[in-house]
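K.L.:
Generate coordinates for the sequence data below:
(chains A and B)
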Amino acid sequence: MKENIRIKSFGITLLILIILLVVTIGITATIGSASISPVDVYKVVASKIPGLSSVVGADSITASQYSIIWSVRLPRVLLGVIVGAGLSISGASFQGLLKNPMADPYILGISSGAALGAAIAIILKLNVAFIGFSGISVMAFIGALIAVTLVYNIGRIRNQVPVTTLLLAGVAVGQFLTAITSLLMVIYNRDMTKIIYWTLGSLSGKGWTPITTISLPMIIAMAIILFFARDINIMLTGEESAKSLGVNVEKTKVYILLLGTFITSMAVSISGIIGFVGLIIPHIVRLIVGPDHRILLPASAIVGSIFMVFADTIARTVISPMEIPVGIITAIFGGPFFIYLLRSKKKAL
Amino acid sequence: MIAVNAKNIVFGYSSTPVIRDVSFQAESGEFISIIGPNGSGKSTLLKTINGLYIPESGQVELLGKNIEEYKRKDIAKKISLVPQDTSLDFEFTIEEVVTMGRHPFKGRFEKEDAMDKELIYEAMEMTNTFDIRDRLITEISGGERQRVFIAKALAQNTQIMLLDEPTSHLDINHQIDILNLLRKMNQEKGITIILVIHDINLATRYSDRILLLKKGSIISQGTPEDVITTENILQAYGMRAAVERNKYTGHISVIPLEVNKRIRSEMNIKIHVISGGGSGQDLINVLYQRGYQMTLGVLNAGDTDWQYAKSLKIPVAEEKPFSGISDKAEKKNKEMISDTDFVVMTNVPIGSGNLKNLQMAADALETGKKVVYLSERKYDEFDYTGGAATSILSHMVENGLVIVESMEQLLRKLT
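P.N.:
From the prediction side, this is the model:
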């Protein structure tokens, strides 16, 4: 019999995780070529909050430190927080909804749709900015939405969406769109490097604009997903069982798919395709807090944030001043860990 | 009080009917088993009862109200379902799974209160899962998992519980264990139990009533004694069986004897049926179900058997209502008879109107055709012709008329 090491209280679990996240933000924002102490990071943040600015003296911080923290490090760290949270919560809810441990936020063709959209924008040199987004972001977002719409309509049988057909449709459409992207890269090989770099994912050099635009919609979407946490739990016992317990299964499926798609598309459009976060984090969190989505979903979001911020810190510092696309870091850490998970699962069987 | 009242339910997956015109009632506190061969529509019927499937016609009344007028969550407060598939790959504890049974009564972020806890604990006590409540659902045995899912349904605290083959993957000791538990719930808590089950002997032992389904129709319903008969088993399962009272349990039990392998070849056997006045209905039904090719006649238009044959699209040599058999009808009937392998007669009373039918059977026998006389039904009088019919019949007996007294005997002769 496996020992039950789960923490019973949802509140305590979340509190611990939030403290960890805040500490992580403080520490990672200090790591880099300019030396800054974590306390300074908190001071800078506090100085921006009306009412707190007079209490916390940010006078000891030099203007250049201030500028590095506020204009460079902090937006990047916070982008990592929101992207990591979004990918992890989407991954966790898709895994539950599809009852498939291999599900990730991209499983319904979002990544291949976004990649194709981004590739087209790069090739056409679309520079039209839309409410502060680059042409690449906008096209990636549109590509992702088109791909998922396609997958959903192929997978749908009348007004029902059987999980298996949905997954198969996701694989088929994904492969198809990836093939087109590859074809484009072969034809326009001048842009190949840029397209590949985009698909590997990065949080660098975005500034405040994307965060302020995507944060609110993403946070709202994540909050709505939490409303369905118990429905997802019950749907794990089987769709008919869930219906007999009063769960509106088809409606819940559509909402989760919509919200997850929206969150993931937002994240991808800004940061490119950062892999493994949405797949691995829910598995790790499930080991710690159990499969109850009422705690699994929020905990995944926070742990995803922490992981993302750490991965990005490694990405920008390890061969500084050069940057590694963060998607490579998440995969380098995620891949072996996933193999470890598979092996320990195999032992349990 | 009537817990479930199903009226003329028709249901089909995209137009092929899986349930055809099924009606039954479940009284509050009854223990009902639904049995029948694979693909007979048992599970589908169960899912129609709790509103998972909406019938194409007919309706289900739940505690006196049309089920379509209920909200999904309100149905869940009246009926619980233990599904056939209880697999669950996510590592919930037993208690967490049982707690899910309280879902219909809780708001989105509402926590379980003391009353919920009490129901959850009671459900676990009753199903003997309390001691394993902290273990994970992924690491317990099939029998335990079945009991956990029953506990979940119990925690739902409903008046009616439906179970879809709760014993199908279990060892014989666990099967009895589960059924004893269901009986305890039925007797102590007054829960109406409706379950789909394959094992006929378990069904007769535990049920107040049994519904026997075949191809989406109820072919018999009532007490185990009424439903589990040699004929019904043969008709439903195409299997010969002995039915007897078990000397240990005192319940009706079935001993399978021989699977009827002739069913395929029966497709090519042609039978002419001479009946009338409803005497042929069971016969026509049995022969039709088993795939024999049939003709009927001579029957008066409007006769009960005539109507039944028409509804099954069986060719009939027919005569105008309330008229004697004309030469034209007689000729057609003779053609039909000469084209068949067997003539089967019911012991329909013979009067001047249908004397020709008897005569035609006698003629057929004379020419070497096999004629079987099914004297299954009891009629006060056979001969309304003043002796003519009796004399023809006794002449036929001399010529080798085969007389059988039950449907099963008859089926054995038709080879």
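K.L.:
Contact partners for residue 214?
P.N.:
By default, I'm working from chain A. By Cβ atoms under 8 Å, 6 or more residues apart in numbering or on different chains, the residues touching A:Ile214 are A:82, A:266-267, A:269-270. Using the backbone N, CA and C atoms, a C-beta is placed for each residue, glycine as well.
K.L.:
let's do chain B instead
P.N.:
B:36-37, B:40, B:235-236, B:289.
K.L.:
Among the residues you listed, which one lies nearest to chain A?
P.N.:
B:Ser40 (18.9 Å; Cβ to the nearest Cβ).
K.L.:
what secondary structure does the closest one sit in?
P.N.:
Secondary structure, DSSP: H, G, I helix; E, B strand; the rest coil: B:Ser40 is coil.
K.L.:
Skipping its backbone neighbours, what lies nearest it in space?
P.N.:
B:Leu213 (4.2 Å; Cβ to Cβ, 6 or more residues apart in numbering or on different chains).
K.L.:
Over to B:Gly353?
P.N.:
Among residues not flanking B:Gly353 along the chain, B:Gly324 sits closest, at 5.0 Å (Cβ to Cβ, 6+ apart).
K.L.:
Could you tell me how many residues sit around the one you found?
P.N.:
The number of residues packed near B:Gly324 is 15, by other Cβ atoms under 10 Å in any protein chain shown.
K.L.:
Put together a markdown table for the contacts of A:Ile214, with neighbour count on each row.
P.N.:
Below are those laid out as a markdown table (neighbours: other Cβ atoms under 10 Å in any protein chain shown):
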| residue | neighbour count |
| --- | --- |
| A:Ile82 | 25 |
| A:Met266 | 23 |
| A:Ala267 | 30 |
| A:Ser269 | 25 |
| A:Ile270 | 27 |
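K.L.:
If you count neighbours, what's buried in stretch A:237-249?
P.N.:
Buried residues in stretch A:237-249, counted by 16 or more other Cβ atoms under 10 Å in any protein chain shown: A:237-247, A:249.
K.L.:
What about these, which are in strands?
P.N.:
Counting by DSSP state E, the buried residues of stretch A:237-249 place none of their members in strands.
K.L.:
and B:Thr230, how many neighbours?
P.N.:
Per other Cβ under 10 Å, the neighbour tally for B:Thr230 reads 17.
K.L.:
give the contact list for it.
P.N.:
By Cβ under 8 Å, 6+ apart, the neighbours of B:Thr230 are B:240-243, B:408.
K.L.:
And A:Ile284, by the same measure?
P.N.:
Shown in contact with A:Ile284 (Cβ under 8 Å, 6+ apart): A:303, A:337.
K.L.:
How much space separates it from A:Ile273?
P.N.:
Distance of A:Ile284 to A:Ile273, computed by Cβ to Cβ, to the nearest Å: 20 Å.
K.L.:
where does the spatially most central residue of chain A land on pLDDT?
P.N.:
The centroid of chain A falls nearest to A:Leu87 when counting by Cα atoms, centre = their mean (2.1 Å). A:Leu87 is assigned a pLDDT of 96 by the prediction.
K.L.:
what does the helix or strand bottoming out on mean pLDDT in chain A rub up against?
P.N.:
Lowest mean confidence among the helices and strands of chain A (mean pLDDT, DSSP states H and E): helix A:326-348, at a mean of 78. Contact with helix A:326-348 is made by A:2, A:199-203, A:271-277, A:279-280, A:283-284, A:307-308, A:311-312, A:314-315, as judged by Cβ under 8 Å, 6+ apart.
K.L.:
before we move on, the earlier item: which of the contacts of B:Lys214 scores worst on pLDDT?
P.N.:
Among these, B:Gln289 carries the weakest pLDDT, at 69.
K.L.:
Start from the N-terminal end of the stretch 251-400 of chain B and give the strands.
P.N.:
Using DSSP state E, counting those that start in this stretch, the strands of the stretch 251-400 of chain B run over residues B:252-259, B:270-274, B:293-300, B:316-319, B:342-346, B:370-374.
K.L.:
So for the shortest one, mean pLDDT?
P.N.:
Just to be clear, that refers to strand B:316-319. The model assigns strand B:316-319 a mean pLDDT of 91.
K.L.:
Also the third one?
P.N.:
Predicted confidence along strand B:293-300 averages 90 (mean pLDDT).
K.L.:
can you list the domains in chain B?
P.N.:
Split into domains by automatic domain parsing, chain B comes to B:2-234, B:263-413.
K.L.:
Could you tell me the end-to-end distance of the longest one?
P.N.:
Translated: domain B:2-234. End-to-end span of domain B:2-234 (Cα to Cα, to the nearest Å): 32 Å.
K.L.:
Now do that domain: distance to the chain's middle.
P.N.:
Computed by Cα atoms, centre = their mean, to the nearest Å, the chain-centroid distance of domain B:2-234 equals 18 Å.
K.L.:
and what of stretch B:404-415?
P.N.:
Remark: stretch B:404-415 is offset 22 Å from the chain centroid, using Cα atoms, centre = their mean.
K.L.:
Name the residues of that stretch that are buried.
P.N.:
By neighbour count with 16+ other Cβ under 10 Å, stretch B:404-415 contains the buried residues B:404, B:407-408, B:410-411, B:414.
K.L.:
any low-confidence regions in the chain?
P.N.:
Answering for chain A, as no chain was given. Residue ranges of chain A with pLDDT under 70: A:1-8, A:34, A:53-59, A:127-132, A:342, A:345-349.
K.L.:
my bad, chain B
P.N.:
In the predicted model of chain B, residues B:13-15, B:258-267, B:289 satisfy pLDDT under 70.
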